[in-house]
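Asker: Any chance you can model this:
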Amino acid sequence: MSGSLEPRLIAIIDSERAPFELWLTRLAPLLAGARPGSVLVMLRDRQLSARERRAMGESLRRLTSAHAQPLCVNDRLDLALLVDADAVHLPESGVSVEEARAFGARYGRGWWVSCASHQPADAAATSADALLLSPVVEARKGRPALGLAGVRNARAELDGRSARLPRLYALGGVTAAATPPLLAAGADGVAVIGALLEPSAASALAGALALR
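Answerer: Next comes the predicted model:
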């Protein structure tokens, strides 16, 4: 699965925002109702112990596998191996895309690799399979929102490349209502965290992204 991932939605789990059991409750119907491969679930939770993250990763692996959806692990390549993840996500200050791919290849893993990005210009040269551009809709951690203009600029950088293009995802305050303009501006999909916790958000996102 990992060599040809094209998810429309990246669902990022963060147990600082809500108990893990609530995330599972919100994810289960979303994954069950979506086309196989259209929702990538990312385990973040960097504040947890290695044991806790592994237990969460194994639970998510069972859930995603049951619905033929991919699983991604943020930052920890060793954990990605242990839970048989399909993808890894790299923060800006982490290992390089090439190092992550080389590490996975040593163990026979052809991971789909995504990277964090806070500048549209990053799209010009990245070798990742995907860029998560943030913050797009709302300001985050002292960074102003890039808005639709940021997405358009990143898309223009991608369209100017001659090499294989990474996929572009908008992250940061994204909701179902904000999704259609983001797609029209050039995003291939969206990444969400808090929006998943609203009772009707999963269904609304599924409709906005045509996941069914």
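Asker: Every contact and neighbour count from this point should use C-alpha atoms.
Answerer: OK.
Asker: Might one say that Cys115 is in contact with Leu90?
Answerer: Yes - with contact defined as C-alpha atoms under 8 Å, Cys115 reaches Leu90; the gap is 4.8 Å.
Asker: overlap in contacts of these two?
Answerer: In terms of C-alpha atoms under 8 Å, 6 or more residues apart in numbering, Cys115 and Leu90 are both contacted by the residues Val97.
Asker: ok, which stretches of this structure are helices?
Answerer: 20-33, 50-66, 77-82, 97-106, 147-159, 179-185, 201-208 (DSSP state H).
Asker: would you list these in CSV and tack on mean pLDDT?
Answerer: Putting the helices of the chain into CSV (pLDDT from 0 to 100) gives the following:
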stretch, mean pLDDT
helix 20-33, 94
helix 50-66, 95
helix 77-82, 96
helix 97-106, 96
helix 147-159, 95
helix 179-185, 98
helix 201-208, 91
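Asker: right, and these - which one's nearest Arg44?
Answerer: Closest approach to Arg44 among those is made by helix 50-66 (8.5 Å; C-alpha to C-alpha).
Asker: Please name every helix or strand in contact with that closest one.
Answerer: Here helix 50-66 touches helix 20-33, strand 39-43, strand 71-74, going by 3 or more C-alpha pairs under 8 Å, 6 or more residues apart in numbering; DSSP states H and E.
Asker: residues making contact with it?
Answerer: With C-alpha under 8 Å, 6+ apart as the test, helix 50-66 has contacts from 20, 28, 31, 41, 43, 45, 70-71, 73, 79, 82-85.
Asker: could you flag which of those are buried?
Answerer: The neighbour-count test (16 or more other C-alpha atoms under 10 Å) marks 28, 31, 41, 43, 45, 70-71, 73, 79, 83-85 as buried among the contacts of helix 50-66.
Asker: Out of the helices and strands packed on helix 50-66, which gets nearest to Ala102?
Answerer: Closest approach to Ala102 among those (C-alpha to C-alpha): strand 71-74, 16.3 Å.
Asker: How far does that closest one sit from its chain's centre?
Answerer: What separates the centre of strand 71-74 from the centre of its chain is 8 Å, taken as C-alpha atoms, centre = their mean, to the nearest Å.
Asker: Dump that strand to CSV, keeping only the CA atoms.
Answerer: Presented in CSV, the C-alpha positions along strand 71-74 are these (Å, rounded to 0.1, in the frame of the first residue of the first chain):
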residue,chain,number,x,y,z
LEU,A,71,-1.2,4.3,9.1
CYS,A,72,1.5,6.9,9.6
VAL,A,73,3.9,7.5,12.6
ASN,A,74,5.2,11.0,13.3
